[in-house]
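[1] here is my input, please return the structure:
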Amino acid sequence: MRIEEYKREIWTCNHCAMCTGTVTDEGGFYKTCPTYEQLRFEDSSSRGHNIMAFYLLEGSLKYSKEVADCVYNCTTCASCEEICKPMGNMIAQMGGSALKTLLPRIMRPLGAELEPIQSVAIVEAMRADCVDLGLQPEPLKKMAGSIEKNYNPYGAPHANRTKWAEGLDIPQTADTVLFVGCSIAYSRQEIAHATLKILKRAGIKFAVLPDEWCCGSILLRNGNVDLAEKMITHNVDLLKEKKVKRLVTSCAEGYMGISKDWPQLAGELPFKVLHISQLLAELISGGKIKFKKPINSKVTYHDPCHLGREMDIYDEPRVVLKSIPGIDLVEMYPTEHAAWCCGAGGGVKIANPELALDIGAAKIPFIKETGATVLASACPFCKTHFMDVMERAKETIEVKDITELVAEAMGV
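    Numbers count the residues shown, from 1 in each chain. Sure, this is the predicted structure:
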């Protein structure tokens, strides 16, 4: 079983229940597990998954459709790991997300670990076991089949990947490559267009590769390890062949997958990886982005789980939004390391769309409390999902990607 790799951690979990319960205000959390808050059964929580993993290892529980249904309801938002970090709440109270992000990097080389139980990795290993045993939910099997055939999860022909760029005269060779990703290329092309306009106006020479394949992150989150490795190997070989020096992506999940998963499966990458928010912050501080018109709106920012908790990118998107004239950026509660998940991640929007919408709807009161008329994020999947959430709830809150707001303020 693939969960054997995490045997020590599964045994170590002391079932303290912090990953399911309500946490103190001082720690910044509202509640921890978005799935548990909806379903209210132990087997939908991180602790429940780790208990199941324990019994699977001991042989007193066997994988089944019921076990698969439980582990595939997890959004892989990593909120459980955030609250599981030793002294995590104390550190956050002392210095906020900045100190919480920095301290483990200082302590790790000294041999003083401040790492949580790897509950997300355990869930992903359980899902990989389910794939090996043919227990993956049918919608996710279909998604994997589409990626194997078309190199994207949307069932669209691979030839349509760069259809959004037709007539825009984008090179296919440059030191910097914009890795567009499946969600933007097939679903949220407005983010691609905004990114394109920003980079061109800022004088960045970049390429888009028609033979880019799925980054593999959605596959790894859902247990399709072998197919993910195929996607990753293709992309790494392609980028090496093109002698790329810098890879930029506007997708939070793509950024996490490329930065964390690719090196684990394909070795050290010969290029630098940036999320678009990092590049925008850099361009703004260097004076290469000039704003021409204000956006007179009250805006609140949603931290994508895979960009924030997984990759510690909290500051750059806020730097970008605060630099746009006219924007009144107001934080919702909870925020940053404690931000409530949108509900769509980890394949939940595919396998259990109603659960995903219910989790997203739970964030509406936090958003409305800020008085914001615009919800901004830095993830195409978050944008798509919150648009669906707002439509179902008949809310008028506008959902925008940060690239769209930057492009609008630049007048491009």
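
[2] can you map out the strands along the stretch 151-300 of the chain?
    For the stretch 151-300 of the chain, the strands defined by DSSP state E, counting those that start in this stretch occupy 176-178, 206-207, 246-249, 272-275, 298-301.

[3] got CSV for those strands, with mean neighbour count and mean pLDDT too?
    In short, each C-beta sits where N, CA and C put it, glycine included. Output for those, formatted as CSV (neighbours: other Cβ atoms under 10 Å; pLDDT from 0 to 100):
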stretch, mean neighbour count, mean pLDDT
strand 176-178, 23, 97
strand 206-207, 17, 96
strand 246-249, 21, 98
strand 272-275, 19, 98
strand 298-301, 22, 98
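
[4] now distance to M126 too, for these, in CSV please.
    Below are these laid out as CSV (distance: least, Cβ to Cβ, whole Å):
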stretch, distance to M126
strand 176-178, 34
strand 206-207, 39
strand 246-249, 28
strand 272-275, 28
strand 298-301, 32
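
[5] find the nearest non-adjacent residue to N150, please.
    H158 (5.1 Å; Cβ to Cβ, 6 or more residues apart in numbering).

[6] number of residues surrounding that neighbour?
    15 (other Cβ atoms under 10 Å).

[7] now do G286
    Neighbour tally, G286, other Cβ under 10 Å: 9.

[8] so that it lines up with my notes, have the first residue be 52 from now on.
    Okay, using 52 as the starting number, the last item reads as G337.

[9] any figure for the gap between it and S374?
    12 Å (Cβ to Cβ, to the nearest Å).

[10] could you do V174 as well?
    Distance from V174 to S374, by Cβ to Cβ: 37 Å.

[11] of those two, which one has the most company?
    Each of V174 and S374 has its neighbours counted (other Cβ under 10 Å); V174 has more, 28 against 17.

[12] could you say which helix or strand holds that one?
    Per DSSP states H and E: V174 is located in helix 170-183.

[13] determine the set of other helices and strands touching that helix.
    Applying 3 or more Cβ pairs under 8 Å, 6 or more residues apart in numbering; DSSP states H and E, we find helix 170-183 packed against helix 97-109, helix 116-122, helix 130-135, helix 268-272.

[14] same thing but 6 Å
    Contact analysis of helix 170-183 by 3 or more Cβ pairs under 6 Å, 6 or more residues apart in numbering; DSSP states H and E lists helix 97-109, helix 116-122 as its packing neighbours.

[15] who's in contact with the longest one?
    Residues from elsewhere that reach helix 97-109 (Cβ atoms under 6 Å, 6 or more residues apart in numbering): 54, 61, 64, 66, 70-71, 93, 112, 122, 131, 170, 173-174.

[16] hmm, which of the residues you listed are the buried ones?
    Using 16 or more other Cβ atoms under 10 Å as the burial test, these include 54, 61, 64, 70-71, 93, 122, 131, 170, 173-174 as buried.

[17] contact partners for K344?
    K344 neighbours (Cβ under 6 Å, 6+ apart): G462.

[18] tell me which stretches of the stretch 102-251 of the chain form helices.
    Assigned helices in the stretch 102-251 of the chain, in chain order: 116-122, 130-135, 139-158, 170-183, 189-201, 233-237, 240-252 (criterion: DSSP state H, counting those that start in this stretch).

[19] tally up the residues packed near K116, please.
    10.

[20] per-residue pLDDT, the closest residue in space to it that isn't next to it in sequence?
    Spatially, and ignoring its direct neighbours in sequence, K116 is nearest to L186 (6.1 Å; Cβ to Cβ, 6+ apart). Looking at L186, its pLDDT stands at 98.

[21] check E387 too.
    So, for E387, pLDDT stands at 88.

[22] can you check I54 too?
    Taking I54 on its own, its pLDDT is 88.

[23] that one reaches A176, doesn't it?
    Yes. Assessed by Cβ atoms under 6 Å, I54 is found in contact with A176 at 4.5 Å.

[24] thinking again about what came up before, tell me the buried residues in the helix holding V174?
    In helix 170-183, counting by 16+ other Cβ under 10 Å, buried: 170-182.

[25] domain map for the chain?
    53-183, 201-336, 349-461 (automatic domain parsing).

[26] now, of the ones you listed, which is deepest in the fold?
    Compared across the domains of the chain, domain 349-461 shows the largest average neighbour count, a mean of 21 (mean count of other Cβ atoms under 10 Å).

[27] return the distance of that one from the chain's centre.
    How far domain 349-461 lies from its chain's middle: 12 Å, per Cα atoms, centre = their mean, to the nearest Å.

[28] report the separation between the two terminal residues of that domain.
    18 Å (Cα to Cα, to the nearest Å).

[29] low-confidence ranges in the protein?
    65-69, 72-81, 137-165 (pLDDT under 70).

[30] quick check: most distant residue from the centroid of it.
    No residue in the chain sits farther from the centre than S111, which is 34.3 Å out by Cα atoms, centre = their mean.

[31] how close does that one sit to D312?
    32 Å.

[32] CA atoms of stretch 359-372 as PDB?
    Taking Å, rounded to 0.1, in the frame of the first residue of the first chain, the C-alpha atoms of stretch 359-372 are listed here in PDB:
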ATOM      1  CA  GLY A 359      -1.100  30.400   0.700                       C
ATOM      2  CA  ARG A 360      -1.000  27.400   3.100                       C
ATOM      3  CA  GLU A 361       0.900  25.200   0.700                       C
ATOM      4  CA  MET A 362       3.400  27.700  -0.800                       C
ATOM      5  CA  ASP A 363       3.500  30.500   1.800                       C
ATOM      6  CA  ILE A 364       2.500  33.200  -0.700                       C
ATOM      7  CA  TYR A 365       0.500  35.700   1.200                       C
ATOM      8  CA  ASP A 366       2.200  39.100   0.700                       C
ATOM      9  CA  GLU A 367       2.700  39.400  -3.000                       C
ATOM     10  CA  PRO A 368      -1.000  39.400  -4.000                       C
ATOM     11  CA  ARG A 369      -1.800  42.000  -1.400                       C
ATOM     12  CA  VAL A 370       1.200  44.100  -2.500                       C
ATOM     13  CA  VAL A 371      -0.300  44.100  -6.000                       C
ATOM     14  CA  LEU A 372      -3.800  44.900  -4.900                       C
END
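
[33] lovely, talk soon.
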